[in-house]
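Trainee: Structure, please.
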Amino acid sequence: MATHKDLALAVAAAEAAGSLLMQHWNQRHSLTVTSKRAGDFVSEADVSSERLLKELLIASGSNDGWLGEEGGADACDFSRRWIVDPLDGTTNFLRGIPHWAVSIALEEHGELVLGVVHDPTKSETFAALRGSGATLNGVPISVSGTTDITNALFGTGVPFGSMDHIADAAADIAALMPMCAGVRRMGAAALDLAYVSSGRLDGFWERKLKLWDIAAGLVLLREAGASIEGWADEDPEASGTVLCATPELFESFATALRNK
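Mentor: Below is the predicted model:
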């Protein structure tokens, strides 16, 4: 069972990777960069961060499994698995936009039990252990107290390149915008979910994310008191589609998106 020792390890690993990424950030114009597809970049910073995280999180002789954005999945003992995005928001990183993060989650027996999202540019570390609440730099956090959707600020992700749900995303925004105070697209899903958990955003939605994009954020959200669903009844972990908001706003928020 995950413990506060596991959480401390994850926080230390995320902050170490953040320090390494800041070195790359200061030399980002000279980084080697390739594209997985249009708009989906990977740099040597992503790869070196994941390598460091794996060294720190998986001790010699450990049976812990691994799922990383750059390295994929290892053969593993499925009782425990680390799920890592070594640099969420690579495009922001490469463009010099200070909104990117390291994301680490721990899964035990198929359930997410620990999440850490570390933003090196702002020295902010969001952390949560199942049953122990969520924190920002060690201080307890919770979702916002917003109860009226007309005052609510939401986040989302917009597909890029040739992704087949561009029209759906545009229709979502058109349906929700007249009802709320605004929608933000900031380019790092892990941080967006962390921002909902800390009350900076009142809700978030996005389709077809990868597990490493959302795993840590889902733990933060649950421990901070958010309501979370997939587009319909499906599990966000399995589908990659997430709708989350404060409990008071969730029904009106989800209805606006689903019934457009």
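Trainee: list the contacts for the closest residue to Trp82 other than its chain neighbours?
Mentor: Once flanking residues are discounted, Trp82 sits nearest to Leu57: 5.1 Å by C-beta to C-beta, 6 or more residues apart in numbering. The way it works is simple: take the backbone N, C-alpha and C, and place the C-beta from them, glycine included. Contacts for Leu57 (C-beta atoms under 8 Å, 6 or more residues apart in numbering) come out as Leu9, Ala10, Ala13, Asp64, Trp82, Val84, Ile104.
Trainee: For the last one, name its beta-bridge partners.
Mentor: Think Ile104. Val84, Val116 (DSSP bridges).
Trainee: got a pLDDT number for the residue nearest to Trp82?
Mentor: Leu57 carries a pLDDT score of 95 in this model.
Trainee: Give me the distance between it and Arg28.
Mentor: Counting by C-beta to C-beta, to the nearest Å, the gap from Leu57 to Arg28 is 25 Å.
Trainee: Relative to Thr146, how far out is the nearest residue to Lys210 once chain neighbours are set aside?
Mentor: Using C-beta to C-beta, 6+ apart and skipping residues adjacent in sequence, the residue nearest Lys210 is Gly240, 6.2 Å away. From Gly240 across to Thr146, the span is 26 Å (C-beta to C-beta).
Trainee: cool, Leu94 as well?
Mentor: 34 Å.
Trainee: Next up, the contacts around His212.
Mentor: Residue 212: Trp, not His. Trp212 neighbours (C-beta under 8 Å, 6+ apart): Leu67, Gly68, Glu69, Ile83, Val84, Asp85, Ser103, Ala105.
Trainee: And Gly230, by the same measure?
Mentor: Pro236, Ala238, Ser239, Thr241, Val242, Leu243.
Trainee: so the last one sits in a helix?
Mentor: No. Residue assignment for Leu243, taken from DSSP: H, G, I helix; E, B strand; the rest coil, gives strand, which places it outside any helix.
Trainee: can you tell me which residues contact it?
Mentor: Per C-beta under 8 Å, 6+ apart, neighbours of Leu243: Gly203, Phe204, Trp205, Ile228, Glu229, Gly230, Trp231, Phe250, Phe253, Ala254, Leu257.
Trainee: if we go to 10 Å?
Mentor: 203-207, 227-232, 236, 250, 253-254, 257-258 (C-beta atoms under 10 Å, 6 or more residues apart in numbering).
Trainee: nearest residue to it other than its sequence neighbours?
Mentor: Trp205 (4.6 Å).
Trainee: Can you list the helices and strands that the helix or strand containing Ser252 packs against?
Mentor: If you go by DSSP states H and E, Ser252 is part of helix 247-258. Applying 3 or more C-beta pairs under 10 Å, 6 or more residues apart in numbering; DSSP states H and E, we find helix 247-258 packed against strand 153-156, helix 166-176, strand 203-206, strand 227-229, strand 242-245.
Trainee: And the contacts of the helix or strand following the second one?
Mentor: In the C-terminal direction, the helix or strand that comes right after helix 166-176 (DSSP H and E) is strand 182-184. Identification of contacts with strand 182-184 by C-beta under 10 Å, 6+ apart yields 152-156, 158, 172-173, 176-177, 192, 195, 200-201, 203-205.
Trainee: Swap in 8 Å and give it another go.
Mentor: By C-beta under 8 Å, 6+ apart, strand 182-184 touches Leu153, Phe154, Gly155, Thr156, Ile173, Leu176, Met177, Leu201.
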